[in-house]
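**Q** Okay, sequence plus prediction incoming.
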Amino acid sequence: MFIFGPVPSVIGIPRVLDTELPQGVTAQLRTDGVQDFVFLLNFTDRLQTVQLDGHKYTYVLSDEGVHQSIELSAYGVAVLKRKKTEFGPYSNL
């Protein structure tokens, strides 16, 4: 038997962003213990819009603030930072 769909939520892995991601977009988290770094990757050939959750985000490269959503170009990547959050069982990463 194969399971298709949101497997992480089925097995209890918390989301990096408290929002639904568009199909073909992923979010990964890294932290330095003070700040979280969120990597958004668009694996599709079209523009995708990601609605952000209630955290305050800035772009890592420009330090420019990000508001309620972010647009990722086809096969685009964005690296955002936020104040470190408790991330379920992975809060000590």
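**A** Received it, and whenever you're ready, just let me know what you need. Residues are numbered from 1 along each chain as shown.

**Q** The protein: helices as residue ranges?
**A** Using DSSP state H, the helices found in the chain span residues 7-10.

**Q** Would you map the strands across it?
**A** 25-31, 35-42, 48-51, 57-59, 65-66, 69-72, 77-83 (DSSP state E).

**Q** so of those, which one's packed in deepest?
**A** Of the strands of the chain, the one with the most neighbours on average (mean count of other Cβ atoms under 10 Å) is strand 35-42, at a mean of 18. No exception for glycine: its C-beta is placed from N, CA and C like everyone else's.

**Q** Residue 72 and residue 48 touch, don't they?
**A** Yes. At 4.8 Å, residue 72 counts as touching residue 48 under the criterion of Cβ atoms under 8 Å.

**Q** Overlap of the contact sets of the two?
**A** Common neighbours of residue 72 and residue 48, counting by Cβ atoms under 8 Å, 6 or more residues apart in numbering, are 25, 42.

**Q** mean confidence score for stretch 25-40?
**A** On average, the pLDDT along stretch 25-40 is 95.

**Q** quick one: terminal-to-terminal distance for that stretch?
**A** Counting by Cα to Cα, to the nearest Å, you get 7 Å between the two ends of stretch 25-40.

**Q** Which residue is the nearest non-sequential neighbour of the residue nearest the centre of the chain?
**A** Nearest to the geometric centre of the chain sits residue 27, at 3.3 Å (Cα atoms, centre = their mean). In space, and not counting its chain neighbours, residue 27 is closest to residue 16: 4.1 Å by Cβ to Cβ, 6 or more residues apart in numbering.

**Q** and the one you found, what does it touch?
**A** 27-29, 38, 87.

**Q** same deal with residue 65?
**A** 56-58.

**Q** residues contacting the closest residue to residue 82 other than its chain neighbours?
**A** The spatially closest residue to residue 82, leaving aside those adjacent along the chain, is residue 55, at 4.6 Å (Cβ to Cβ, 6+ apart). Counting by Cβ under 8 Å, 6+ apart, residue 55 touches 82-83, 85.
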